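[1] how would this look folded up:
(3 chains)
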Amino acid sequence: MINTGDTAWVLVSTALVLLMTAPGLMLFYGGLVRRKNVLSIMMQSLFLLCLISLQWILFGYSLSFGPDVGHFIGNLHWAMLRNVTGAPNPDYAPTIPHTLFMLFQMMFAVITPALITGAFAERMKFSGFALFSLLWAILVYDPICHWVWGAGGWIRNLGALDFAGGTVVHISSGIAALACALVLGKRKTYHNGATPPHNLVFTVIGAGLLWFGWFGFNAGSALAANELAVNAFLVTNTAAAAAALTWMAIEWRINGKPTILGAASGVVAGLVAITPASGFVSAGSAILIGITVGIACYFAVAVVKTKFGYDDSLDAFGVHGVGGTTGALLTGLFAQKIINAGGNNGLLFGNPSLLKIQFIAVAVTMAYSFTVTFILLKIVDAVVGGLRVEENDEIIGLDITQHEENAYTLID
Amino acid sequence: MKLIIAIIQPYKLEAVMEELDKAEIHLKTVSHVLGCGRQKGRSEIYRGVKEAGNLLKKVRLEIAVNDNYVEATIKAITTAAKTGQVGDGKIFVLDLENCQRIRTGEKGAEAIG
Amino acid sequence: MKSTKYQLPIFLALVLLAAIALCGIFPAHAQEIAKNQPQAKIDTGDTAWVLMSAALVFLMTPGLAFFYGGLVRRKNVLSILMQCMVALCVISIQWVLCGYSLSFCPGNGFFGSLQWLGLNGVGLTPYAAYAPTIPHQAFMIFQAMFAVITPALIIGAFAERMKFSAYLIFIALWSLLIYNPICHWVWGVGGFLRNMGTLDFAGGIVVHINAGIASLVAAIVLGKRKGHEHTAPRPPHNLPLTVLGAGLLWFGWFGFNAGSALGANGIAVNAFVVTNTAAAAGGIAWAILEWLANGQPTMLGTVTGAIAGLAAITPAAGFVSVMPSLIIGLLASVFCFIAVAVIKPKFGYDDSLDAFGVHGISGIWGVIAVGLFASKAVNPLGADGLFFGNPHQLYVQAIAALIAVGYAFAGSFIIMKLVGIFTDMRVTDDEEAIGLDLSQHQEGAYTILE
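    Numbering: from 1, shown residues only, chains lettered A, B, ... in the order given. So this is what the prediction gives:
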């Protein structure tokens, strides 16, 4: 039975999640790169929005959510949206049209590969990027999505909790980002330090739009306008705030000054960590999750990355990989049946087995995403003849060499 | 005293700065400029219409040096900014009448150092 | 006569005259029609969605301001933002005063009656002929946002050279004499195109053809920008700003199209799906075209393609299923690419930001596409198109498009000429060279130092 209130809320949420990619993430990342590369990073997200939108309706949705094959992948019965109609699908969302659920999930499928672009910013060849992303969506995103959320998926059957995509979106993309940073190597000008962001105002607008859109991401994942959605909304906001304050506090203590980029990164880290937990934990737990992830991501970005020297250019791994892992594990600690009867109790509420299940889900997702991403990069490398642009093109900038455009004019 | 003005490719700025540092030449002013020479420039595309650009983005360096540093400066800039392609830029050397440090009032060669 | 002193009074007098004329000529019978409506009840879910959609469509106008703003030279960016923002103010007021009544109050085939002047009688109970499950005012404010963005689209055609006062008079007259009538023809109870069976789900005719054709007229009447007679278009001064605008437009378009279902129902979901699909197909198609034609896909090309896809799917969103929407989006990009990259340079009109090339062309294609791909299986209140065995619908759509093109062309031309009698349309050459920001608004968008 379709409920108009639920439908209205999920429609709005779908639009909100789209806003996270375009233009939220585009501006967030775009502001962080140098001015000669801003268009290239925006182009990557925009291109993915177009590409995955089509991939999803053609067969991606069917692979992810279609009738189960061996607990591993969906079959092709729902390809081209056959059998996906306006009637609700009780397995996924009993009060909204099935097409709407498909659409809401599409926006998740779009933003996940877009997150990875932060790892290979300023140096990847566009054709290589396009091919890699398409293959990644099919071979990494769709299977993992099926395991965790698809009816019959083995991680779902295990009882792992992932409310809005901690494993599916953030761990899968974060680990893939690490693999990309390792395989592609450093940017030519990268000497273990940050290249200065060319326009932090864009980054702040992007962070604001991400925060705004995340209410659709998390609270929309309740798939209804009910108390669960309200809880998710509340803890989302709380965790973002707690993580940002934590990050600022650490910077203040260590470097003497809090920065706006630090605050924005903290906001995103908090949002990432609360994503898997948002339908299962209370606001108090959200504060603790926010503080923990603030510390964890700061450590990953400022200490681990510098120490090991990989060039995760815009910290896609440091924020999404680490934040997602933190959130997924902490869900195993803080989850409460009082918040969501469909969930489970975590370690702190007397059920240690949930933590173990969460750990398995995280470990398997990491291993799978890393391995397949690594292999895909090697294949794409061979097919397009090099993942990176030529050295001279990298120095001149990707905007002009890959797209023949300039972001800004100097005069006029 | 000479004033050296160099117009270089923007993406060579970092390399030039490094070379200048090596040669212990620290006083410089840098600005974005537009210009063109014999180089035709890269085209740009506007919604499917391809355009040949005329004025190109360049970086302009202004360096005041004492006479014994002139050659070192020119050498540093050429080493770093040369690619062998058209568009590498130009170096102009001008006589400099005077120079005064605002803070101390020092004049001439001392003020440059 | 070309003295600024008289502009405002003359303009007000014209508005008043027009209003009186319409009152006198077309007697209203809204009340009796209203009485015959079936009882309707407010649904909170539907109302929530339409309210949200109205906000989404509102956001499209600032989105459009950023989109256009990034494309002009830095000395003109504020003039574009200002024109968009002032359209929000002027048309919002025009709409509640008389625009809504002229557009939607049941009247004769050509004009709405003036019964709803000043929203008199437009209350909180649903008006079933338009939207039976939401308050009448929710429908009204949702439509207001359409009335705002339509003239704002035209700004792209006369960017960087139109005088601000002339612009104000132009959009006020244009809304009154072009937008309101066409809106009534297509959507208003009693409108002759509506009675003919024309399908326009979210404004392919009313918004995009209308604004696109007016853009062409404006570009031709105003002439080219100075220093642009022989050379190619100026490079955009801030493309990331354009990307921000494009993102907000795409986001807002969900309200535009899915909101036009006027309820949180299956039609809304279908509209949402096809909107996103057509936009994606449009973006990809343009990128590929450029890749083939110029060797590299561009950012601006891809967003332009997406906007073309969005504009083309607008009239079709509630009537076609997802696979046709793919084709509609793809072809929209192809047609617009030809219009922008081939036709415009050939004929040499200065449609500065391609308001005609994108909205006009896509709008026409979308309206025709409804006649091809519409299916009653998607929306029982719609009709079948040519490919579902009903060639008549294609004929109806073509006629409607033709009438709208003709009216918008002739009407916009006359209005441009009319305004031209009272004031210069263009800024002086000096003012144009200095830039509209400083010459029209005495502001600069950016500082160089600090």
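[2] Name the nearest residue to residue 35, ignoring sequence neighbours.
    I'll assume chain A. With C-beta to C-beta, 6 or more residues apart in numbering or on different chains as the criterion, residue A:35 has its nearest non-adjacent residue at 4.2 Å, and that residue is residue A:198. Where C-beta positions appear, they are placed from N, C-alpha and C, glycine not excepted.
[3] was after chain B, sorry
    With C-beta to C-beta, 6+ apart as the measure, residue B:58 is the residue that lies nearest to residue B:35, at 4.9 Å, once sequence neighbours are left out.
[4] Are we agreed that residue B:50 is in a strand?
    Yes: Residue B:50 sits within a strand when classified using DSSP: H, G, I helix; E, B strand; the rest coil.
[5] in the chain, which segments are predicted with low confidence?
    By default, I'm working from chain A. Applying pLDDT under 70 to chain A flags the ranges A:191-194.
[6] was after chain B, sorry
    For chain B, the stretches flagged by pLDDT under 70 are B:38-42, B:51-54.
[7] before we move on, back to that, helix, strand or coil for the residue nearest to residue A:35?
    Applying three-state DSSP: residue A:198 is coil.
[8] returning to what we had before: would you mind confirming that the residue nearest to residue B:35 makes contact with residue B:11?
    No: judged on C-beta atoms under 8 Å, residue B:58 makes no contact with residue B:11 at a distance of 10.6 Å.
[9] ok, these two, which is more surrounded?
    residue B:58 (23 against 19; other C-beta atoms under 10 Å in any protein chain shown).
[10] who does the more buried one bridge with?
    Beta-bridge partners for residue B:58, by DSSP bridges, are residue B:33.
[11] Please identify the helix or strand for the closest residue to residue C:107 other than its chain neighbours.
    Distances taken as C-beta to C-beta, 6+ apart put residue C:113 closest to residue C:107, at 3.8 Å, once the chain neighbours are dropped. Assigned by DSSP states H and E, residue C:113 belongs to neither a helix nor a strand.
[12] can you give me the helices in chain B?
    For chain B, applying DSSP state H gives helices covering B:13-22, B:70-81, B:109-112.
[13] could you point out which element follows the helix or strand hosting residue A:326?
    For residue A:326, the element it lies in under DSSP H and E is helix A:322-334. As assigned by DSSP H and E, the chain's next helix or strand after helix A:322-334 is helix A:352-384.
[14] what distance separates that following helix from the middle of the whole chain?
    What separates the centre of helix A:352-384 from the centre of its chain is 14 Å, taken as C-alpha atoms, centre = their mean, to the nearest Å.
[15] so who does residue A:171 touch?
    A:320, A:321, A:324, A:325, A:328, A:362, A:365, A:366, A:369 (C-beta atoms under 8 Å, 6 or more residues apart in numbering or on different chains).
[16] The last one and residue A:114, how far apart?
    Counting by C-beta to C-beta, to the nearest Å, the gap between residue A:369 and residue A:114 amounts to 15 Å.
[17] Check the third one too.
    Distance from residue A:324 to residue A:114, counting by C-beta to C-beta: 15 Å.
[18] more crowded one of the two?
    Comparing residue A:324 with residue A:114 by neighbour count (other C-beta under 10 Å), the higher total belongs to residue A:324, at 33 against 27.
[19] I figured residue A:298 was touching residue A:250, is that so?
    Yes: with contact defined as C-beta under 8 Å, residue A:298 reaches residue A:250; the gap is 5.1 Å.
[20] coming back round to it: right, and the residue nearest to residue A:35 touches residue A:41 too?
    No: applying C-beta under 8 Å, one finds residue A:198 not in contact with residue A:41, separated by 10.9 Å.
[21] Looking only at neighbour counts, state which of the two leads.
    When residue A:198 and residue A:41 are compared for neighbours, residue A:41 comes out ahead with 31 against 19, by other C-beta under 10 Å.
[22] pull the CA atoms of stretch A:317-337 into CSV?
    Below are the C-alpha coordinates for stretch A:317-337, written out as CSV (Å, rounded to 0.1, in the frame of the first residue of the first chain):
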residue,chain,number,x,y,z
PHE,A,317,40.7,6.8,1.8
GLY,A,318,41.6,8.9,4.9
VAL,A,319,38.1,10.2,5.4
HIS,A,320,35.8,7.7,3.7
GLY,A,321,37.7,4.5,4.1
VAL,A,322,38.8,5.1,7.7
GLY,A,323,35.6,6.8,8.7
GLY,A,324,33.4,4.1,7.1
THR,A,325,35.3,1.4,8.9
THR,A,326,35.1,3.2,12.2
GLY,A,327,31.4,3.7,11.8
ALA,A,328,30.7,0.1,10.8
LEU,A,329,32.6,-1.3,13.8
LEU,A,330,31.1,1.2,16.2
THR,A,331,27.6,0.1,15.0
GLY,A,332,28.6,-3.2,16.5
LEU,A,333,29.1,-1.5,19.8
PHE,A,334,26.3,1.1,20.0
ALA,A,335,23.4,-0.5,18.1
GLN,A,336,20.2,-0.7,20.2
LYS,A,337,17.0,-2.6,19.6
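[23] If we go by neighbour counts, what in it is buried?
    A:317-336 (16 or more other C-beta atoms under 10 Å in any protein chain shown).
[24] try stretch A:340-359
    A:340, A:343, A:344, A:345, A:346, A:347, A:348, A:351, A:354, A:355, A:357, A:358.
[25] do stretch C:281-297 as well
    Using 16+ other C-beta under 10 Å as the test for burial, stretch C:281-297 gives C:281-291, C:294, C:296-297.
[26] Identify the residue spatially nearest to the closest residue to chain C within chain B, adjacent ones excluded.
    The minimum distance from chain B to chain C, using C-beta to the nearest C-beta, falls at residue B:48 (3.4 Å). Counting by C-beta to C-beta, 6+ apart, residue B:48 lies nearest to residue C:341, which is 3.4 Å off, once chain neighbours are set aside.
[27] Would you mind naming what in chain A lies close to chain B?
    A:36, A:189, A:395, A:396, A:397, A:400, A:403, A:404, A:405, A:406, A:410, A:411 (C-beta under 8 Å from any C-beta of the partner chain).
[28] who wins for most neighbours among these?
    Ranked by the number of neighbours (other C-beta under 10 Å), those place residue A:403 first, at 28 neighbours.
[29] and residue 219, what is it in contact with?
    Just so you know, I chose chain A. A:13, A:229, A:230, A:232, A:233, A:236, A:278.
[30] could you do chain C instead?
    C:157, C:158, C:349, C:350, C:351, C:352, C:356.
[31] and what of residue A:36?
    By C-beta under 8 Å, 6+ apart, residue A:36 lies in contact with A:396, A:397, A:398, A:399, A:400, A:407, B:10, B:11.
[32] Phi, psi for whichever residue of the stretch 251-400 of chain A sits closest to chain B please.
    Distances between the stretch 251-400 of chain A and chain B by C-beta to the nearest C-beta are smallest at residue A:395, namely 4.6 Å. Phi and psi for residue A:395, reported as degrees, to the nearest 10, are phi -70, psi -40.
[33] how much space between the residue nearest to it when sequence neighbours are not counted and residue A:32?
    What sits nearest to residue A:395 in space, not counting adjacent residues and going by C-beta to C-beta, 6+ apart, is residue B:11, at 4.6 Å. Applying C-beta to C-beta, the value for residue B:11 to residue A:32 is 19 Å.
[34] With residue A:120 instead?
    Using C-beta to C-beta, residue A:120 is found at 13 Å from residue A:32.
[35] Spit out the residues that contact these two alike.
    Shared contacts of residue A:120 and residue A:32 (C-beta under 8 Å, 6+ apart): residue A:313.
[36] Which residue is the nearest non-sequential neighbour of residue C:399?
    Using C-beta to C-beta, 6+ apart, the closest residue to residue C:399 is residue C:196 (7.4 Å).
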